[in-house]
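# Would you be able to build a 3D model of this:
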Amino acid sequence: MNYNDLYNQRYDKIKDTIAFKNKHATAVYMGSTTPAAEEGMTIAEYLTDPHKTMDLFFHYVGRLNERGQIDGLNTMHPTVQNVPLASRWWSLIKMPGRELPPNSIWQVDEKANIDVSDYDFIIKNGLDAMTQRLLPSLVPDEDLKIFKTAVQERPQIMQRYVDEGYPLLSCGTIAPPFETLCGGRGMNKFYMDCYKIPDKIKETLDVMMVDIRKNIAGMSTEKFMLGVWIGGWRGASNLVNQKIWDTLVWPYIKEIAGLLIAKGITPILHMDACWDRDIARFKELPARSVILNTDGMTDLRKARKILGDHAAFLGDVPVQMLAISSKAEVEEYIRRLIGDIGAQGLLLAPGCDAPSNAKFENMAAIYELAKEF
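Numbers count the residues shown, from 1 in each chain. Predicted structure coming up:
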């Protein structure tokens, strides 16, 4: 990989922010489908033409950067999102232009794709074997081919990001085993299984971790591998009770984070919903080594008081504001947020992911204000 001065400068700033050494605000772009409408492309086309999508993605990000300051990107441009999401959640993903109108966002069609007997299959055969068994029924062959081609072209794709001067915070995603089982079994049935057969669930999760450990061990440690997402969706604090969270959710998140840190990769804990109840538990992870990526529901002010400079924050401009609020309201929110929790250790960005209908001026407000602090 051939690096350049602009990339290295931004890379160092992000690393300094994780370590609470940044002197000024750091700003990160996040908006998987936001460029499509702004640049005149349907979401359906945007998700299925990787090369055209990448060009459009960088054009949109470049326009925002001209208005303000973008130091890095949370994730890369999307490509046939149903493939990675189906692999991660064992669920059918409805796609725009197919099951949905061409400008709709993808949707999870959550239902039970595995039954109780499949826990024994996983215990015997492992996580990857179950994924390979399920994937043909969840993803069309055409989409698998597009995705496999993108994987083969990954070195060239990553070089393009480096050439554009934008470090990628997340160069991959790991779903904790609780999340994958929950998606495959369906939320209602899986939550009941956690009450009825918790020992069987734990045994299954433990076996799934064998393949997760192997996959982490095989990850590249080249410089561009700045971080990897650890998904937190159905295992959020406000969705499961304390005992389930303590035994079936947190131990696996903690281990995955530790394995990434040991490889020199920053864990980015993607925390959808509210994690207030358990925010202090993140002190169990090494200090100044992780990023908490929240979506507007976790109280960042409370989190900063509890965690101090232990963990960096990524966010947290609420997505609904980006779609419906005025630019002045977005600016006021950002000023209050930075005023309350400080710029050190803060990677300013949309909470979770900017919506496809985010107003350009509201997005620009994030990166314009980053230059003030």
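# From now on I want contacts and neighbour counts done on CA atoms only, so please keep to that.
Noted.
# how near is W275 to L314?
Distance, W275 to L314, using C-alpha to C-alpha, to the nearest Å: 14 Å.
# Could you measure from the residue lying closest to L346 once chain neighbours are set aside over to D299?
Using C-alpha to C-alpha, 6 or more residues apart in numbering and skipping residues adjacent in sequence, the residue nearest L346 is F313, 5.0 Å away. Summarising the geometry, the distance separating F313 from D299, computed by C-alpha to C-alpha, is 11 Å.
# Then L47?
Per C-alpha to C-alpha, L47 is found 33 Å from D299.
# Those two: which is more packed in?
With other C-alpha atoms under 10 Å as the criterion, L47 and D299 differ in neighbour count, and L47 comes out ahead with 23 against 15.
# Mind checking which of W275 and L314 has more residues around it?
For W275 and L314, the more surrounded residue by other C-alpha under 10 Å is L314, and the numbers stand at 27 against 20.
# Run through the bridge partners of that one.
N293, L347 (DSSP bridges).
# pLDDT score for it?
Turning to L314, the model gives it a pLDDT of 98.
# Can you verify my assumption that it contacts L347?
Yes. At 4.6 Å, L314 counts as touching L347 under the criterion of C-alpha atoms under 8 Å.
# Which parts of the stretch 251-373 of the chain are helices?
Secondary structure of the stretch 251-373 of the chain by DSSP state H, counting those that start in this stretch: the helices cover 300-307, 319-324, 327-341, 360-370.
# for these, which one ends up most surrounded?
helix 360-370 (a mean of 22; mean count of other C-alpha atoms under 10 Å).
# could you dump that one to CSV, C-alpha only?
Output in CSV follows, covering the C-alpha atoms of helix 360-370 (Å, rounded to 0.1, in the frame of the first residue of the first chain):
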residue,chain,number,x,y,z
PHE,A,360,-26.7,18.5,2.5
GLU,A,361,-26.6,21.7,4.6
ASN,A,362,-27.2,19.7,7.8
MET,A,363,-24.4,17.3,6.9
ALA,A,364,-22.1,20.2,6.1
ALA,A,365,-22.8,21.7,9.5
ILE,A,366,-21.0,18.8,11.2
TYR,A,367,-17.8,19.4,9.2
GLU,A,368,-17.9,23.2,9.2
LEU,A,369,-18.3,23.3,13.0
ALA,A,370,-15.4,20.8,13.4
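# Compute the inter-axis angle for that helix and helix 327-341.
Angular relation of helix 360-370 and helix 327-341 on a 0 to 180 degree scale: 30 degrees, by axes from the mean of the first three to the mean of the last three C-alpha atoms, to 10 degrees.
# how distant is helix 360-370 from the center of its chain?
For helix 360-370, the distance from its own C-alpha centre to the chain's C-alpha centre is 21 Å (C-alpha atoms, centre = their mean, to the nearest Å).
# Contacts for that helix, please.
For helix 360-370, contacts defined as C-alpha atoms under 8 Å, 6 or more residues apart in numbering pick out 25-27, 38, 64-65, 67-70, 322-323, 325-327, 330-331, 334-335, 348-349.
# again with stretch 247-264
176-178, 201-202, 205, 209, 213, 216, 221, 228, 230, 235, 266-267, 284-285, 289.
# Might you specify the subset of those located within strands?
With strands defined by DSSP state E, the entries of those inside them are V228, I230, T266, P267.
# In those, find the pair that's most separated.
The two members of these with the most space between them (C-alpha to C-alpha) are I230 and T266, at 10.1 Å.
# For M76, give me its contacts.
Contacts were defined as C-alpha under 8 Å, 6+ apart; by that measure M76 touches S32, L168, S170, C171.
# I misspoke; the intended subject was Q107.
With contact set as C-alpha under 8 Å, 6+ apart, Q107 has these partners: I93, K94, M95.
# cutoff 10 Å now
The neighbourhood of Q107, defined by C-alpha atoms under 10 Å, 6 or more residues apart in numbering, consists of N82, L92, I93, K94, M95, P96, E99, L100.
# top helix in the chain by residue count?
Counting by DSSP state H, the longest helix found in the chain is helix 198-217.
# taking the mean pLDDT, what do you get for that helix?
Averaged across helix 198-217, pLDDT comes to 99.
# in it, what's buried?
For helix 198-217, burial by neighbour count (16 or more other C-alpha atoms under 10 Å) applies to P198, K200, I201, K202, T204, L205, D206, V207, M208, M209, I212, I216.
# Next: stretch 157-167.
By neighbour count, with 16+ other C-alpha under 10 Å as the criterion, the buried positions of stretch 157-167 are I157, M158, R160, Y161, V162, D163, G165, Y166, P167.
# A19 and S220: what is the separation?
Computed as C-alpha to C-alpha, the A19 to S220 distance reads 22 Å.
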